[in-house]
Each structure stands twice: as structure tokens, then as C-alpha cells.
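Asks: For reference, the sequence and a predicted model appear below.
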Amino acid sequence: MQVTRLEITVQHRAPNPDPIRDALQSLPGAGSVQVTLHTDATWHGAPITGTGDAGFGRIRGGPDALAALIKHELEPLVVGTDPAFVAATHEAMVRDTEYHGTAGLATFGIAAIDTALWDCQGRALGVPCWQLWGGVHTQIPAYAMVGWLNYNLAKLADIAEQATAQGFRGVKIKVGAPSLKEDIARVETVRRAIGERMDLMVDANQSLTTAEAIRRGRAFQDLGCLWWEEPIAADDIDGYAALVQALDIPIATGENLYTRTDFARFLRRDAVDIIQPDLRRAGGPTAMLQIGTMAAAFRRPYASHGGGPVQLNVMASLSNAIYLETGLLGADSPFTLTNGCAPVPRGPGFSWE
Ligand SMILES: [Mg+2]
């Protein structure tokens with residue numbers, strides 16, 4: 001099988017006038033880039049293609065800038081290759097973009113292409129990607145990220161109750177309000193709404209100093225929160241190592257770390273308890289599997305950043321996968337929860353069916 005053509009589709013989206021917000025940023029949405037790889041192979045007479053995409057929560061020009069990077073830099077490294085050599089193509093893309101910095105926009109592009117290459121492989125063999133990697137799980141416990149920082153206490157309670165009714169194992173809320181008192185009120189409101197048996201996680205999106213993160217972390221620890229996510233700047237490895245030392249509540253981070261190299265540094269330094277790779281910033285399934293396996297060797301659990309079939313396929317193959325992150329399930333959700341778990345997709349590549 002050979003990749004014959006790379007097709008880029010840019011989707012622009014009008015910014016949401018009432019954007020969701022965390023302690024770091026507003027997220028009005030800015031569209032996405034989809035990569036479709038066409039091949040010379042067929043499956044039961046139909047041509048085999050694979051897709052991967054990268055969405056932008058903000059930065060209006062982001063999708064166009066990424067499309068240009070894919071077109072001019074990455075496409076020549078992919079067209080003509082065999083998807084079976086996806087790991088070699090991944091390394092070639094990482095090596096080539098090193099000149100201006102792989103960590104950043106380039107990794108978003110590498111991730112979309114890497115996803116599309118694996119998708120081609122799964123579809124060519126008629127199996128889900130987790131089956132190519134070896135399966136561990138048939139379902140993954142799921143929690144709902146519902147508590148945006150711009151939601152008042154009444155809205156927080158309401159949306160947490162909806163997550164409970166949908167059968168999630170837990171909910172996550174944003175913290176990092178101007179005062180610890182406000183954060184505590186948010187946690188206590190949600191705890192009342194979901195009851196004692198569900199998990200409750202808190203996420204400050206890099207907004208605090210290390211000293212303040214230790215102070216607030218002790219409070220969240222006493223309130224029984226399951227993990228304390230991104231309390232401080234994502235690249236502050238010294239600060240994270242100090243947090244892991246100072247607090248009993250597990251420190252979760254990784255959605256803003258890039259490539260396996262960042263994760264290697266954090267794991268070796270004992271600066272993270274639970275890793276949370278992001279599909280775009282990690283660099284696609286090839287990198288997420290490497291990162292997840294490396295974390296398993298350090299005996300650190302893996303929780304996803306965001307949901308979707310790619311994350312579920314990756315987690316299905318990782319012994320240390322503990323939790324899938326998703327939003328509330330809409331009417332168009334491809335799955336429902338059983339015992340608080342999302343099913344692992346059974347369709348070829350990264351498809352559901
Ligand atoms: Mg987060």
C-alpha cells in the first residue's frame with residue numbers, strides 16, 4: 001500500500017459569542033484541519049483512505065497556519081510512503097521540523113497525519129487500531145469535564161447532575177478562581193450535586209504559583225478530590241516536582257507537554273503522578289503509545305485529555321489507562337455508558353462501526 005495523495009480540509013468556525021472559559025483562557029473555538037490520505041489499495045473493492053484531524057479551541061488563524069505547514073513541509077514526507085512504515089514516517093516528520101521547533105504547530109500536523117496513517121492501516125486490514133497494537137481493555141471508565149470557570153454555582157450544580165444522570169463515574173471542574181474560598185464553594189456545590197460515590201477532579205489550567213498550588217491542593221485533598229490537574233505552568237518541571245513531594249493528592253498533567261521527550265523528563269524527575277497526553281501535542285497515536293508505555297514502566301496511570309475514538313483505541317492497548325475524559329453525551333454520541341464506562345470502538349481503523 002502506498003499513500004498517493006494528501007488532501008487537506010480546513011473548517012472555519014465563527015467564534016462562540018459566549019465562550020467557555022478556564023483559569024487561563026477563553027475558548028471560543030476556531031475550527032479545525034482534517035487530513036485525508038488516499039492510497040492505491042482497496043478493501044472489498046473500495047479505495048482505502050485514512051483521516052486525522054486537529055481542532056483549535058482558540059486562535060482564529062490557527063487552522064490556516066497549520067494547513068500551510070502540512071502542505072509545504074509534511075506532505076512531501078508522507079506521499080509515496082507505505083502506511084505500514086508509519087513509525088518511520090513519524091520519525092522523519094519529527095526530525096524534519098526540528099529546524100524551527102517540533103514542539104508547537106508542527107506537532108499538531110504530525111498528529112493528524114500519524115492518525116490518518118494508522119487509520120489507513122486498520123482499514124486495510126479490516127480491524128480497529130487497538131487490535132494492531134494488542135488489546136488490554138474492552139471498556140474505559142469515563143468522566144465528564146463539565147465545570148467551566150464561567151459557570152456560576154447554580155449552573156455547576158445543574159450540569160453536574162446531568163453528568164450523574166448520564167451514568168458517568170466522575171466529573172471534573174475548573175478551579176483557579178481569584179480566591180481559594182470561591183474554589184472551595186465550587187467543589188462543595190458539585191459534591192452536593194453528585195453525591196459521595198462519584199469521583200470529583202479539579203483543574204486550574206496552569207494558573208497558579210507553586211506556593212498557591214500547594215495551599216489550594218491541601219484544601220482539595222481534604223475535600224476528597226481525586227486529582228489536582230495543571231495547577232501551575234505546564235513547563236515548570238521544578239514546580240511540579242515540588243507539588244508531587246508536598247501533596248498527597250495525585251498531580252495530573254500532560255495536555256500541554258509535547259512529544260515523548262517532555263514526558264520522559266517529567267517521569268524521570270518524579271514530577272507527575274497521572275499523565276494526560278493530548279493527541280495533537282503528543283504527536284498522534286504513535287507517540288501516545290510510546291508515552292503511555294513509558295509511563296506504565298514508571299508505574300504512572302494514564303488518563304486521556306479529551307475523548308474520541310483515537311484516545312479510546314490508544315487506551316484500549318495501555319495497561320495503565322484509568323480514565324477517559326469527555327463532555328456530556330449529546331443525542332449524536334456514538335456510544336452510551338455501561339457501568340460508567342465507554343466501550344472501545346470495534347470498527348476498522350478509528351471508526352466506530
Ligand atoms: Mg485540563
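Replies: Alright, I've got the coordinates.
Asks: Just the strands from the protein, written as ranges.
Replies: Counting by DSSP state E, one finds strands in the chain at the ranges 3-11, 20-21, 26-27, 32-43, 46-55, 139-147, 170-174, 199-203, 228-229, 251-253, 274-275, 302-303, 321-326, 341-343.
Asks: who wins for proximity to G239 among these?
Replies: strand 251-253 (10.0 Å; Cβ to Cβ). (Glycine included, C-beta is placed from N, CA and C.)
Asks: Please list the strands that the closest one pairs with in its sheet, giving the direction of each pairing.
Replies: Each strand pairing with strand 251-253, determined using DSSP bridges, is listed with its direction: strand 228-229 (parallel), strand 274-275 (parallel).
Asks: Mean confidence (pLDDT) on it, please.
Replies: Throughout strand 251-253, pLDDT has a mean value of 98.
Asks: List of residues touching it?
Replies: Among residues not part of strand 251-253, those counted as contacts by Cβ atoms under 8 Å, 6 or more residues apart in numbering are 201, 217, 227-231, 234, 240, 243-244, 266, 271-276, 303.
Asks: rewinding a little: any chance of TSV for the strands of the chain, columns distance to A67?
Replies: Listed next are the strands of the chain as TSV, based on distance: least, Cβ to Cβ, whole Å:
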stretch	distance to A67
strand 3-11	5
strand 20-21	25
strand 26-27	21
strand 32-43	5
strand 46-55	10
strand 139-147	28
strand 170-174	31
strand 199-203	30
strand 228-229	31
strand 251-253	29
strand 274-275	30
strand 302-303	30
strand 321-326	27
strand 341-343	31
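Asks: Same list (the ones you listed) but as TSV, adding distance to Y99 and mean neighbour count.
Replies: Formatted as TSV, the entries for those read as follows, by distance: least, Cβ to Cβ, whole Å; neighbours: other Cβ atoms under 10 Å:
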stretch	distance to Y99	mean neighbour count
strand 3-11	21	16
strand 20-21	36	16
strand 26-27	31	16
strand 32-43	21	19
strand 46-55	21	20
strand 139-147	36	23
strand 170-174	37	25
strand 199-203	34	24
strand 228-229	33	27
strand 251-253	28	26
strand 274-275	28	25
strand 302-303	31	26
strand 321-326	34	22
strand 341-343	40	20
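Asks: Domain map for the protein?
Replies: The record's domain parsing of the chain by automatic domain parsing lists 3-126, 130-343.
Asks: Could you report the neighbour count for the spatially closest residue to G349 that is not a sequence neighbour?
Replies: Take G349 and drop its neighbours on the chain: the residue closest to it by Cβ to Cβ, 6 or more residues apart in numbering is G122, 3.4 Å away. For G122, the number of neighbouring residues by other Cβ atoms under 10 Å comes to 24.
Asks: Tell me which residues touch G61, please.
Replies: Contact criterion Cβ under 8 Å, 6+ apart gives A30 as the residues in contact with G61.
Asks: Quick one: low-confidence residue ranges for the stretch 251-353 of the chain.
Replies: Within the stretch 251-353 of the chain, no stretch falls below the threshold (pLDDT under 70).
Asks: In stretch 343-352, which residues have enough neighbours to count as buried?
Replies: P343, V344, P345, G347, P348, G349, F350, S351 (16 or more other Cβ atoms under 10 Å).
Asks: Quick check: the residue of the chain most remote from its centre vs R123, distance?
Replies: The C-alpha centroid of the chain is most remote from G45, which lies 34.6 Å away (Cα atoms, centre = their mean). Relative to R123, G45 is positioned 13 Å away (Cβ to Cβ, to the nearest Å).
Asks: show me where this protein has helices.
Replies: Secondary structure of the chain, counting by DSSP state H: helices at 62-69, 75-78, 86-97, 105-125, 129-133, 153-166, 180-194, 210-222, 237-246, 259-268, 279-282, 285-297, 309-316.
Asks: Could you pull up the mean pLDDT of the fourth one?
Replies: Helix 105-125 shows a mean pLDDT of 98.
Asks: What helices and strands are in contact with it?
Replies: Using 3 or more Cβ pairs under 8 Å, 6 or more residues apart in numbering; DSSP states H and E as the contact criterion, the secondary-structure elements in contact with helix 105-125 are strand 3-11, strand 32-43, strand 46-55, helix 62-69, helix 86-97, helix 129-133, helix 279-282, helix 285-297.
Asks: Perfect, I'm done here.
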